[in-house]
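1. Sequence below, structure please.
(one chain, ligands or ions: 2)
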Amino acid sequence: MDQKAMNEYLDQWLRDAHAMEEQATTMLTTQASRIEHYPELKQKMEQHIRETESQRDRLEACLTRRGTSPSGAKDIAAKFTAMGQGLSGTVMGDEVVKGAMASYTFEHFEISAYRELIGAADIVGDHETKRVCEEILKEEQAMADWLYEQLPVVSRTFLERAGSDAAEAKR
Ligand code: MG
Ligand code: FE
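-> Ligands and ions are numbered 1, 2, ... in the order given. Okay, the predicted model is just below:
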């Protein structure tokens, strides 16, 4: 493939990543609003929302520097509808558990996107884009690692709370 075609793919993949971060902000915001009984998780989600907004801005800066721009809102909605359904759909009482699972999965989707972008930026010689993607990758990996540790805590907390709610109802 010639350099021009390679660069077009890189632009497209950067736009995909930008759309992915927009979707991540929506998903995290929805989740954070539903987990008031899980302060540690809520705080981490809110921190990652701010990180995610910064990731989106850093990607936008890469696109601008490369002489292009993010895709429109329509593309974003179409691409990530399926991915977002795991979180935005109405779920029963265990939504915090399902949400934490979906978040862990989504972080790995993001990790795969940045690993792919690093290779593409490398082959076209865009060192700044590569550096940005490596930086964001570390943040996604840190979030995935945190969620990995937190998942059994979330399910245990949910079950304990469900128990106390049931006991309260009996009184
Ligand atoms: Mg992200
Ligand atoms: Fe993330």
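2. lowest-pLDDT helix or strand in the chain?
-> Within the chain, no helix or strand scores below helix 73-88, which has a mean of 56 by mean pLDDT, DSSP states H and E.
3. ok, then the element right after that one?
-> The helix or strand immediately downstream of helix 73-88 is helix 95-124, counting by DSSP states H and E.
4. What helices and strands are in contact with that following helix?
-> Helix 95-124 sits against helix 3-32, helix 39-65, helix 73-88, helix 127-170, with contacts defined as 3 or more Cβ pairs under 8 Å, 6 or more residues apart in numbering; DSSP states H and E. C-betas here are computed from N, CA, C, even on glycine.
5. Flag the shaky bits of this structure, pLDDT-wise.
-> 73-92, 163-171 (pLDDT under 70).
6. Chain neighbours aside, what residue packs nearest to residue 69?
-> Distances taken as Cβ to Cβ, 6 or more residues apart in numbering place residue 63 nearest to residue 69, at 5.6 Å, with adjacent residues excluded.
7. Please tell me how far that neighbour sits from ligand 2.
-> From residue 63 across to ligand 2, the span is 19 Å (Cβ to the ion, to the nearest Å).
8. show me what contacts residue 34?
-> Residue 34 sits next to 95-96, 99 when contact means Cβ atoms under 8 Å, 6 or more residues apart in numbering.
9. Give me the three-state assignment for it.
-> coil (DSSP: H, G, I helix; E, B strand; the rest coil).
10. give me every residue that touches the spatially most central residue of the chain.
-> Nearest to the mean C-alpha position of the chain, by Cα atoms, centre = their mean, lies residue 24 at 4.1 Å. The contact partners of residue 24, taken as Cβ under 8 Å, 6+ apart, are 52, 106, 110.
11. and the residues you listed near ligand 1, which?
-> 52, 110 (Cβ under 5 Å from the ion).
12. Could you save the contacts of residue 24 as JSON lines and add columns showing neighbour count?
-> Shown next, in JSON lines, are these (neighbours: other Cβ atoms under 10 Å):
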{"residue": "52", "neighbour count": "26"}
{"residue": "106", "neighbour count": "24"}
{"residue": "110", "neighbour count": "23"}
